[in-house]
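1. Need the 3D shape of this:
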Amino acid sequence: MTNVVTGFAVIVTIIAIGYVLGRRDVLGPTGPLVLSRLAFWVASPSLMFHTVAEADLTAMVSKPLISTGGSVLVVMTVFAVAGWWRGWSTSYTTLGALCSGLVNAGNLGIPIAAYVLGDATLVAPIFLMQTIVIVPVALTILDLAGHTATVPLWRRFLTPLQSPVTVGSLAGVAVAASGVAIPEPVMEPFVLVGSMSIPAVLIVFGISLCGSSWPGRGPDRRPLALAMALKSVVHPGAAWALGVLAGLSRDELLAAVVLSALPTAQNALTYAIRYGQATTLVREAVLVTTIASLPVLVVVAAVLR
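-> Model (predicted):
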């Protein structure tokens, strides 16, 4: 329990530093953008590459994925059924479902897995499932809904490769599967550059909290409340139930529930803006679930540790 509290204290402290930097405008208007691009294009892919390359693949594709992946499908299905029942549009329902189940594995997931769970590779299975399966399917549905120009089928299958973090993870999987040991002088630059990922992401997140308006005041308040309840309560609850049924160990169950309690992925907003649908719902869902995730994660860690 001490390690969990220490891990959260480290994360909260760095987020607070980012908030102070944002309030005082130390980095200027382009500072957060530069930091986020550095993390997205360079640091996070390097971190995922060297951690996955040195990981045991049999441990990555195992019973915990039943809990983490299955719980994603559960909450997204619930939102989809609610959207059908309420008569929401296909695009709106699809993006709302992403708000309910798409976890922020690439940003907050990496530091939380590293500092709280002690292993950054734990986030790789659910991250790869999202980027290789869930996101391409969702984008295909949005394309078929007619809100963007027709995209060739072969390009939809290449959607995951547009993310450098996905490419870094897949490259790590290839190295791990090959059994080839990369020499230390070659791997060390990835380790060094990857070490920038966690503090950069947390500082940017802290800066992003400055000036945020209070959500839930517009016509999206009911779908927002549903997405928040599914993401912050039902999602980790479903992960726990599926993990118990799958016979996960105590540590595996903790990791699965913690990862499922992560907030809505910020990539969902990118898709909403791209398709011009549900932007307010997605923006507010990202903010609300991110704020709610900290107390939820603390409770989960305290109960299951």
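2. Might you list the low-confidence residue ranges for the stretch 151-300 of the chain?
-> 151-163, 211-217 (pLDDT under 70).
3. rerun that using 80 as the cut-off
-> Along the stretch 151-300 of the chain, the parts satisfying pLDDT under 80 run over 151-163, 165-166, 201, 205, 208-209, 211-219, 266-267, 269-270, 273-275.
4. now the strands for it?
-> For the stretch 151-300 of the chain, no strands are identified by DSSP state E, counting those that start in this stretch.
5. quick one: the helices in it?
-> In the stretch 151-300 of the chain, the segments counted as helices under DSSP state H, counting those that start in this stretch are 153-157, 164-178, 184-194, 197-208, 221-229, 235-246, 250-260, 267-275, 279-304.
6. Output those helices in a markdown table; the columns should cover mean neighbour count and distance to Thr68.
-> C-beta: built from backbone N, CA, C; applies to glycine. Formatted as a markdown table, these follow (neighbours: other CB atoms under 10 Å; distance: least, CB to CB, whole Å):
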| stretch | mean neighbour count | distance to Thr68 |
| --- | --- | --- |
| helix 153-157 | 10 | 23 |
| helix 164-178 | 19 | 15 |
| helix 184-194 | 14 | 23 |
| helix 197-208 | 24 | 20 |
| helix 221-229 | 20 | 19 |
| helix 235-246 | 21 | 6 |
| helix 250-260 | 23 | 5 |
| helix 267-275 | 19 | 17 |
| helix 279-304 | 20 | 13 |
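7. Among the ones you listed, which comes closest to Ile126?
-> For Ile126, the closest of the helices of the stretch 151-300 of the chain is helix 250-260, at 5.7 Å, according to CB to CB.
8. Any chance you could list what contacts the closest one?
-> Contacts to helix 250-260, defined as CB atoms under 8 Å, 6 or more residues apart in numbering, come from residues 63-64, 67-68, 71-72, 103, 105, 109, 112-113, 116-117, 119, 122-123, 126, 235-236, 238-240, 242-244, 248, 297, 300-301, 304-305.
9. Excluding chain neighbours, what is closest to the residue positioned nearest the centre of the chain?
-> Residue closest to the mean C-alpha point of the chain, counted by CA atoms, centre = their mean, is Asn104 at 1.5 Å. In space, Asn104 comes closest to Ala265 once its chain neighbours are excluded; the distance is 4.6 Å by CB to CB, 6 or more residues apart in numbering.
10. Am I right that that neighbour is in contact with Thr131?
-> No. Ala265 lies out of contact with Thr131 (CB atoms under 8 Å); the separation is 9.7 Å.
11. and Val103, backbone torsions?
-> Torsion angles at Val103 (phi, psi; degrees, to the nearest 10) stand at phi -90, psi 150.
12. got a list of what it touches?
-> Val103 touches 72, 109, 126, 130, 235, 259-260, 262-265, counting by CB under 8 Å, 6+ apart.
13. do that again at 10 Å, thanks
-> By CB atoms under 10 Å, 6 or more residues apart in numbering, the contact list for Val103 reads 68, 71-72, 109, 123, 126-127, 130, 231, 235, 259-265, 289, 293.
14. can you redo the helices of the stretch 151-300 of the chain as TSV with distance to Ala138?
-> Formatted as TSV, the helices of the stretch 151-300 of the chain follow (distance: least, CB to CB, whole Å):
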stretch	distance to Ala138
helix 153-157	11
helix 164-178	15
helix 184-194	28
helix 197-208	23
helix 221-229	14
helix 235-246	16
helix 250-260	18
helix 267-275	7
helix 279-304	12
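15. right, and these - which one's nearest Ile17?
-> That would be helix 197-208 among the helices of the stretch 151-300 of the chain, by CB to CB, at 6.2 Å.
16. how far does the closest one sit from the chain's center?
-> On the basis of CA atoms, centre = their mean, to the nearest Å, helix 197-208 is displaced by 14 Å from the centre of the chain it belongs to.
17. Run through who's touching stretch 37-47.
-> Residues contacting stretch 37-47 (CB under 10 Å, 6+ apart): 30, 35, 106-107, 110-111, 114, 120, 163-169, 171-172, 187, 189-204.
18. buried ones in it?
-> Buried residues in stretch 37-47, counted by 16 or more other CB atoms under 10 Å: 38-40, 42-47.
19. Hmm, Thr94 and Gly101 touching each other?
-> No. Assessed by CB atoms under 10 Å, Gly101 is found out of contact with Thr94, at 11.2 Å.
20. what's the overlap in contacts for those two?
-> Common neighbours of Gly101 and Thr94 (CB under 10 Å, 6+ apart) are 76, 79-80, 138.
21. Many thanks, we can stop here.
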